[in-house]
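*Asks:* no FASTA, just this:
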C-alpha cells in the first residue's frame, strides 16, 4: 500500500513534492536467545519528500531505532529496500546523517574540532573550512564554546554540537533518533526551536524518531504512527498546523489527543 | 584563586614523595640504633657514598667506581629495544584482535596460554637460542612487555563505543582513517595503561636477562655485587632501577600526552 499524501495548504515552507527517500517493503528480524527469530520490522513503506519533516511515533520496542539504523546504512534489512534519490542505500554516507540519542561526540576533540571532523576529507581550503565551522558554531549558538571539550558542556550543548557536526556536511536527510529524549523539558523546547530554525534555513529533509506525541505534533509535516512488534506503519497523519506552531492551542491539543488515542489502539 | 589551585597541585604531587622519605627515615633510624646489622642493610650514608662513587668515580679506584654511565646506557638500550619490539608487535596485534573476531580466535588461545608461562622459564631456552648478552635480554624484555601491551590494546579496541565508529562512518570516514582518527584515540586510555605496564615490566625482565653473565648493565652490576658480597652496591642498584624505572614511566606518559590529543584530554 502506498501511503496517501495529503497536500497541506497552510505549510509555510512548502516541501518539494518529489520524494527523495523511498522506503519499500522493509522487513527485518533478529535472532533471540531461545525464542527463535522475532520480526522487528514488517513491510514498512513510506516516502520522505525533499525538505519535509517526518516524525515516526511509536512506543519503545516498535523497531524505530532499527529502522533508522537501516536508513543510515548501519544495518541491512532482510527484505525490501531504501533508496535516496533513486540510488540504493547500502552503507553509511554523509548524505544521510544521524543525530544519536546518546552522547556520540568524540570526547578527545573540542567542540570546534568535533564540528570540523567531517570536513577533513573535503577539498576545501583551510580558511574556507574555518569559516564554515565558525558559521555552524554561530548557527547552533556555541560561538563562545569552540574550545571546550564535550565533557565540559551540558547535555543540551552536546546535542547542539551533534547537530552542527552533521549539518555542516549538508546531508539530504537528517536522521534523528530521539535526540532530545534525555534532556530536561526546558532544554528540549530550546532544542526543538533550534531544530526548526535550522531546518527553515537549510534545505534538508528530516526523519525524526520520537515516542513523545507532543514533540511530533510540534515538529512534523507528517506523523507516521508505528505499530508495535513487529513494527509497521499503522497510520499516517498530516499535521496541518501553521508554523511557527504554538503549543497551547486547541488544534494542537486535539491533534495530540487524537494521535495518543490511536497509539493506545495500536 | 589560580595560585591556591597551583599550590594544591604541588601539594598533591609532593604527597607521592612522602612514602620514600618515610622509608628513608625508618632506614636511617634502624641503622643508627643498630637494630639492623650493616651486613644485612648498610647505613644510608655508606650507600650514598657507594652511589656517588658508582656515578662519579673513576675506573680503577674501586670495583664499581664510575661504572654507572656504561651500565646505564647498556641497560636502557636493551630496554628500549625490547620494549620497542613489544610495542611494534603487540599494539597492532592487540588492536586487530580487539576489532576482528577472526584474529581474536586465531591468537587468543595461544597468547593466553603463553601468558601463563613465567618469564623466567624462557631464560634457559633464550640462552640456548641467543647465547649470553644483548639478544637474550632483548628477547626476554620484548616477550614480557608484549602481554600487557597486547592485552590492554585489545581491551581498549574492543570496548570502543560502536556509536563513535558509526558516527565516523556516516561522516565519510573510511576504515583506515577511522582507525587512526577514531579507534586509536578512543582506545588511548587502555593503550597508555598497557604501554606503562609494559615498560615497567621491561625493567624487571632486563635485570633477569642481565643476571646471566653479561659484562655490563644494572642487572649485571647487581649480580657482580652479589658475588662479591657488596650489599651496599646491591642496594644502590635497586634504588637506581627504581628511580630510572619511575623516570621512564613519567617520560613515557608525558611523551604520549605531548604527541596525542586523546592522551592529553581523556581521563
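*Replies:* Done, it's in. Predicted model only: the values in this text are computed from it and were never measured. Numbers count the residues shown, from 1 in each chain, chains lettered A, B, ... in the order given.
*Asks:* can you count the residues close to residue 183?
*Replies:* No chain in the question, so chain A it is. 18 (other Cβ atoms under 10 Å in any protein chain shown). The C-beta positions use only the backbone N, C-alpha and C, and glycine is treated the same way.
*Asks:* Wait, chain B was what I had in mind.
*Replies:* Around residue B:183 there are 20 residues (other Cβ under 10 Å).
*Asks:* What of the one 10 residues further on?
*Replies:* Using other Cβ under 10 Å, residue B:193 has 17 neighbouring residues.
*Asks:* For it, give me its contacts.
*Replies:* Residue B:193 makes contact with B:148, B:152, according to Cβ atoms under 8 Å, 6 or more residues apart in numbering or on different chains.
*Asks:* Please enumerate the helices of chain A.
*Replies:* Secondary structure of chain A by DSSP state H: the helices cover A:64-72, A:111-116, A:126-139, A:155-167, A:185-201, A:213-219, A:250-265.
*Asks:* Look at the nearest residue to residue A:227 once chain neighbours are set aside and say how many residues are nearby.
*Replies:* Closest residue in space to residue A:227, ignoring its immediate chain neighbours: residue A:234 at 4.1 Å, by Cβ to Cβ, 6 or more residues apart in numbering or on different chains. Number of residues near residue A:234 (other Cβ under 10 Å) recorded here: 17.
*Asks:* unless I'm mixing things up, residue A:234 is touching residue A:225, no?
*Replies:* Yes - the pair residue A:234 / residue A:225 is scored as a contact, 4.8 Å apart, by Cβ atoms under 8 Å.
*Asks:* Which parts of chain B belong to which domain?
*Replies:* Per automatic domain parsing, the domain ranges recorded for chain B read B:1-36, B:42-265.
*Asks:* So which of those is nearest residue A:55?
*Replies:* Residue A:55 sits nearest to domain B:42-265 of all these, at 20.6 Å, using Cβ to Cβ.
*Asks:* before we move on, which element is the spatially most central residue of chain B in?
*Replies:* Central residue of chain B (Cα atoms, centre = their mean): residue B:200, 2.1 Å from the mean position. In this structure, residue B:200 sits in helix B:184-210 according to DSSP states H and E.
*Asks:* residues in contact with the residue nearest to residue A:103 when sequence neighbours are not counted?
*Replies:* Leaving aside its sequence neighbours, residue A:103 sits nearest to residue A:158 (Cβ to Cβ, 6+ apart; 5.4 Å). Contacts for residue A:158 (Cβ under 8 Å, 6+ apart) come out as A:103, A:105, A:150.
*Asks:* Out of these, grab the one that's most surrounded.
*Replies:* In those, the most neighbours by other Cβ under 10 Å go to residue A:105, 26 neighbours.
*Asks:* For that one, give me the pLDDT.
*Replies:* Listed pLDDT for residue A:105 reads 96.
*Asks:* what's it in contact with, if anything?
*Replies:* Taking Cβ under 8 Å, 6+ apart as the test, what residue A:105 contacts is A:114, A:150, A:158, A:161, A:162, A:165.
*Asks:* Can you give the distance from the helix or strand of chain B with the lowest mean pLDDT to the centre of its chain?
*Replies:* Lowest by mean pLDDT, DSSP states H and E among the helices and strands of chain B is helix B:2-32, with a mean of 81. Offset of helix B:2-32 from its chain centre (Cα atoms, centre = their mean, to the nearest Å): 23 Å.
*Asks:* How about stretch A:153-171?
*Replies:* 13 Å.
*Asks:* Can you point out the buried residues in stretch B:107-117?
*Replies:* Within stretch B:107-117, the residues scored as buried using 16 or more other Cβ atoms under 10 Å in any protein chain shown are B:107, B:111.
*Asks:* typo on my end, it should be stretch B:173-193
*Replies:* Result for stretch B:173-193 [16+ other Cβ under 10 Å]: buried residues B:173, B:178-179, B:181-193.
*Asks:* before we move on, what about stretch B:248-267?
*Replies:* Buried residues in stretch B:248-267 (16+ other Cβ under 10 Å): B:248, B:249, B:252, B:256, B:260, B:261, B:262, B:263, B:265, B:266.
*Asks:* Quote the end-to-end distance of that stretch.
*Replies:* With Cα to Cα, to the nearest Å as the measure, stretch B:248-267 spans 20 Å from end to end.
*Asks:* Near the residue lying closest to residue A:204 once chain neighbours are set aside, how many residues? Count them for me, please.
*Replies:* Take residue A:204 and drop its neighbours on the chain: the residue closest to it by Cβ to Cβ, 6+ apart is residue A:174, 5.1 Å away. As a burial measure, residue A:174 scores 23 neighbours (other Cβ under 10 Å).
*Asks:* Same check on residue A:91?
*Replies:* 10.
*Asks:* Would you list the phi and psi of it?
*Replies:* phi -160, psi 160 (degrees, to the nearest 10).
*Asks:* Show me which residues of the stretch 151-267 of chain B sit near chain A.
*Replies:* Contact residues, the stretch 151-267 of chain B versus chain A (Cβ under 8 Å from any Cβ of the partner chain): B:161, B:163-164, B:166-173, B:177, B:181-182, B:185-186, B:188, B:261-262, B:265-266.
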